[in-house]
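[1] Kindly generate the corresponding structure for this input.
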Amino acid sequence: MSNKASIHNRLLAKLGFRHLQAVVLTAELGSTHRAAEMANISQPSIAKFLAMAEGVVGEPLFERHSRGMRQTSTCKTLLPIFQAMLLLVQRSAKTLDAVQSGKTGTMHIGALPAACNGSLVRGIAQFCQRFQQFQLHLEENDQDHLHELLMSRVYDAVLTRTPTIGHSPLKFEPLEDDHSVVLARTGHRLSHRRALSLDVLGDEQWLILPLQSTSRIIFESWFSGGVPYPVVSNVTTSSLSAITGLVAYSDALIVLPASFAGPALMSGSVCALDVQRQESLRPLGILWNPAAVSTATSTFCDWMTAGTWRDSL
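    This next block holds a predicted model:
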């Protein structure tokens with residue numbers, strides 16, 4: 001028997017979900033005590049599961065030190081796989097609950113925050129009203145994790161931006177164009193001015209989102225060159241409700257994807273400034289594997305791509 005087959009059989013026979021949970025929680029929290037609290041079991045039990053997991057893997061997964069537990073290189077390599085396996089368990093529990101509640105099909109859809117705040121969420125709402133026999137689980141996530149969890153089949157389909165690399169055997173269908181907007185509170189001193197330049201905008205205070213967000217990338221591209229870097233607020237957040245409140249109750253500006261800004265603009269407490277520079281963003285759409293979907297997911301993908309739900313917008 002090959003070493004690969006031997007490892008496979010050992011994992012099947014001896015590595016259980018409690019072992020995976022112990023490893024993942026300890027890695028994420030850095031402490032067996034905190035992991036035990038999260039799992040609602042005793043700390044000695046967590047330590048036992050970790051020891052058994054390390055025995056099955058055949059390599060140390062953690063380095064013990066005075067402040068807790070540090071992941072080894074082996075643990076860092078295996079952790080994404082263990083996390084995906086636990087997500088599949090969570091998905092199974094949700095699916096079983098839906099079946100026992102009388103639903104004929106379930107699907108797990110991942111989505112960028114921008115996809116959960118624009119017109120696409122209206123399409124989802126209308127789908128759920130039209131196809132009440134299906135149970136839809138919707139979860140926000142970032143671009144990289146959406147693709148990773150789709151490939152590992154934790155998600156059945158994802159609402160994301162146009163992929164920048166090849167995605168065979170996946171299929172992507174664009175659903176909504178997108179661009180940047182600059183938001184300010186309603187009545188801001190710049191709200192009645194037209195064609196605002198970066199020089200003018202650079203004199204204002206700005207709210208910024210975390211690094212790697214689309215908003216932050218746009219902001220840095222605008223003000224990292226010859227234009228003076230603006231004064232930045234001492235708070236950062238990715239919460240849409242917090243962003244709306246912070247902009248509405250201050251003179252700070254923020255740049256956002258139009259898809260993400262829709263609900264904030266509808267509140268009436270903020271407005272979109274007329275700026276000279278507008279960035280075109282990759283369209284939002286749906287990504288899925290047509291050869292590996294259930295009836296429920298296929299129906300959902302067909303519904304979103306057909307676009308008939310737009311007629312009521």
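
[2] Helix, strand, or coil at Met107?
    Met107 carries the three-state label strand when classified by DSSP: H, G, I helix; E, B strand; the rest coil.

[3] Run a quick neighbour tally on it.
    By the criterion of other Cβ atoms under 10 Å, Met107 has 25 neighbours. Just so you know, the C-beta spots here come from the backbone N, C-alpha and C atoms, and that holds for glycine as well.

[4] who's it bridged to?
    Beta-bridge partners for Met107, by DSSP bridges, are Leu136.

[5] Let me see the contact set for the spatially most central residue of the chain.
    By Cα atoms, centre = their mean, the mean C-alpha position of the chain lies nearest to Asn141, the distance being 0.8 Å. If you count contacts by Cβ atoms under 8 Å, 6 or more residues apart in numbering, Asn141 has them with Gly110, Ala111, Leu112, Leu149.

[6] can you pick the most crowded of these?
    For the contacts of Asn141, the largest number of neighbours (other Cβ under 10 Å) sits with Gly110, at 25 neighbours.

[7] For it, which three-state class applies?
    strand.

[8] who's in contact with it?
    139-141, 145-146, 149-150, 154-155, 157-160.

[9] ok so, going back, pick out the most distant pair among the contacts of Asn141.
    Based on Cβ to Cβ, the longest span within the contacts of Asn141 runs between Leu112 and Leu149 and measures 12.7 Å.

[10] Neighbours of the closest residue to Leu88 other than its chain neighbours, how many?
    Spatial nearest neighbour of Leu88, excluding adjacent residues (Cβ to Cβ, 6 or more residues apart in numbering): Val154 at 5.9 Å. The local packing of Val154 (other Cβ under 10 Å) involves 22 other residues.

[11] again with the one 3 residues further on
    Applying other Cβ under 10 Å, we find 25 residues neighbouring Ala157.

[12] In this structure it contacts Ser298, no?
    No. With contacts counted by Cβ atoms under 8 Å, Ala157 stays clear of Ser298, the gap being 9.4 Å.

[13] residue ranges for the strands of the stretch 1-150 of the chain, please.
    Listed in chain order, the strands of the stretch 1-150 of the chain (DSSP state E, counting those that start in this stretch) span residues 62-65, 68-71, 105-111, 134-140.

[14] one step back: what distance do you get for the residue nearest to the centre of the chain to Gly105?
    Per Cβ to Cβ, to the nearest Å, Asn141 is found 22 Å from Gly105.

[15] hey, C-alpha coordinates of stretch 266-285 in CSV?
    Output of stretch 266-285 as CSV, limited to C-alpha atoms (Å, rounded to 0.1, in the frame of the first residue of the first chain):
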residue,chain,number,x,y,z
MET,A,266,-31.9,55.4,0.0
SER,A,267,-31.9,56.5,3.7
GLY,A,268,-31.7,60.1,2.6
SER,A,269,-29.1,61.0,5.2
VAL,A,270,-26.3,60.9,2.8
CYS,A,271,-25.8,62.0,-0.8
ALA,A,272,-23.5,61.2,-3.7
LEU,A,273,-21.1,64.1,-4.7
ASP,A,274,-20.6,65.1,-8.3
VAL,A,275,-16.9,64.3,-8.8
GLN,A,276,-14.7,64.4,-11.9
ARG,A,277,-13.1,61.0,-11.4
GLN,A,278,-15.2,57.9,-11.4
GLU,A,279,-13.7,54.4,-11.4
SER,A,280,-15.3,51.6,-13.4
LEU,A,281,-15.4,48.4,-11.3
ARG,A,282,-15.6,44.8,-12.4
PRO,A,283,-19.3,43.8,-12.7
LEU,A,284,-21.1,41.8,-10.1
GLY,A,285,-22.5,38.5,-11.1
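
[16] May I see the buried residues of that stretch?
    By neighbour count on 16 or more other Cβ atoms under 10 Å, the buried set for stretch 266-285 is Ser269, Val270, Cys271, Leu273, Val275, Leu281, Arg282, Leu284, Gly285.

[17] go on, stretch 234-251?
    Within stretch 234-251, judged by 16+ other Cβ under 10 Å, the buried ones are Thr236, Leu240, Ile243, Thr244, Gly245, Leu246, Val247, Ala248.

[18] and the fourth one, what element?
    In this assignment (DSSP states H and E), Thr244 forms part of helix 240-248.

[19] For that helix, name the packing helices and strands.
    Secondary-structure packing of helix 240-248 (3 or more Cβ pairs under 8 Å, 6 or more residues apart in numbering; DSSP states H and E): strand 171-185, strand 205-208, strand 254-257, helix 258-266, strand 270-272.

[20] Now tabulate the ones you listed in a markdown table and tack on mean pLDDT.
    Shown next, in a markdown table, are the helices and strands packed on helix 240-248 (pLDDT from 0 to 100):
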| stretch | mean pLDDT |
| --- | --- |
| strand 171-185 | 95 |
| strand 205-208 | 93 |
| strand 254-257 | 94 |
| helix 258-266 | 87 |
| strand 270-272 | 96 |
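
[21] would you turn the ones you listed into JSON lines with distance to Gln129?
    Output for the helices and strands packed on helix 240-248, formatted as JSON lines (distance: least, Cβ to Cβ, whole Å):
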{"stretch": "strand 171-185", "distance to Gln129": "19"}
{"stretch": "strand 205-208", "distance to Gln129": "35"}
{"stretch": "strand 254-257", "distance to Gln129": "26"}
{"stretch": "helix 258-266", "distance to Gln129": "19"}
{"stretch": "strand 270-272", "distance to Gln129": "29"}
